[in-house]
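J.: okay, here's the prediction I keep looking at, along with the sequence it came from:
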Amino acid sequence: MSARKKPTASRKDDDVRARVALAAHPLLAGCSQGFVDQVLARARVQTFAAGETLSREGDAADYWFLCVGSTRVFYRSPLGNEVTVKLFSAPAAWAEMEVLTHRPHMEDCAAVDRVVAVRVPARQFVLLLDAEPRFCRNVLEDCAARFYIAAQSEKKLAFASVEERIAHLLLSYLRLFGVPVDGGTHIRVKLSHTDIANGIGAAQKSVTRTLTTWQKAGWISKRGTSYVVHALDKIEGAVLHPVPGIDFIAGRGVRS
């Protein structure tokens, strides 16, 4: 029998980080440490680099806890066009809808930056719901929050102008990845015109026209492959129909 392969130091570090993050995860608030240990015992810790895919539309669904990093959830058309429907930032979780209805994943999910996630097999997730009422309630509330996000997204796609949809998306990226710098706030992740067009389901030329106008006005500027926002009030002013409560960033409350 071959010797069992020892986990690498980085894998050990990820396991420790996942355990610590999971113990403090809002979805496990009010649950005992013993229950947290049950979750970890039934789960698999996985790491992903920026741009890597966690799951694809049509994959068999498991439940995911996001412990470190951020992900983007999006629909992809047969022609390769994309529309972003949610941004997840740790701590977050998803896929209870697919698991409980015995359906595959409905969307694609990719890492925005380095991700450490805990993946719970579908059958084990159902057993965990049965074992801990408080966990079941937490999952229900989180699911309801994301239904709210989905309703917001539908409304924006139906009625908001390209300019307003760009503003909504940039504001979400700012809250998630914004870093204060001289003269503004730097969105610290790669964000191209194509990324933004995919994010809002619009033609790239329309996005380029709006962003070029904002750059000439001094509202934003490019820094390598990312953006710096210099006039937050102007971007906020471009949102004609502000949405109170929850935005693109799944589960996070925002001020109305």
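T.: Right, received. Where do you want to start?

J.: use CA for all of it now, contacts and neighbours both
T.: Noted.

J.: quick one, domains of the chain?
T.: Listed by automatic domain parsing, the domain ranges of the chain are 10-157, 161-240.

J.: as a markdown table, those with mean neighbour count and mean pLDDT would be great.
T.: Shown next, in a markdown table, are the domains of the chain (neighbours: other C-alpha atoms under 10 Å; pLDDT from 0 to 100):
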| stretch | mean neighbour count | mean pLDDT |
| --- | --- | --- |
| domain 10-157 | 18 | 88 |
| domain 161-240 | 17 | 90 |
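
J.: leaving out sequence neighbours, find the closest residue to Leu22.
T.: The shortest distance from Leu22 to any non-neighbouring residue, by C-alpha to C-alpha, 6 or more residues apart in numbering, is to Cys67 (6.3 Å).

J.: that neighbour belongs to a strand?
T.: Yes: counting by DSSP: H, G, I helix; E, B strand; the rest coil, Cys67 is found in a strand.

J.: so who does Gln33 touch?
T.: Ala23 (C-alpha atoms under 8 Å, 6 or more residues apart in numbering).

J.: from Leu40, how far off is it?
T.: Per C-alpha to C-alpha, to the nearest Å, Gln33 is found 11 Å from Leu40.

J.: before we move on, back to that, isn't the residue nearest to Leu22 right next to Ala90, touching?
T.: Yes: counting by C-alpha atoms under 8 Å, Cys67 does reach Ala90; the two are 5.2 Å apart.

J.: what touches both of the two?
T.: With C-alpha under 8 Å, 6+ apart, Cys67 and Ala90 have no common neighbours.

J.: so Val228 touches Val189, yeah?
T.: No: when contacts are counted by C-alpha under 8 Å, Val228 is not listed as touching Val189 (10.7 Å).

J.: what about the spatially most central residue of the chain, which helix or strand?
T.: Central residue of the chain (C-alpha atoms, centre = their mean): Phe88, 1.8 Å from the mean position. Using DSSP states H and E, Phe88 sits in strand 82-89.

J.: repeat that for Arg19.
T.: helix 9-23.

J.: this completes my enquiry, with thanks.
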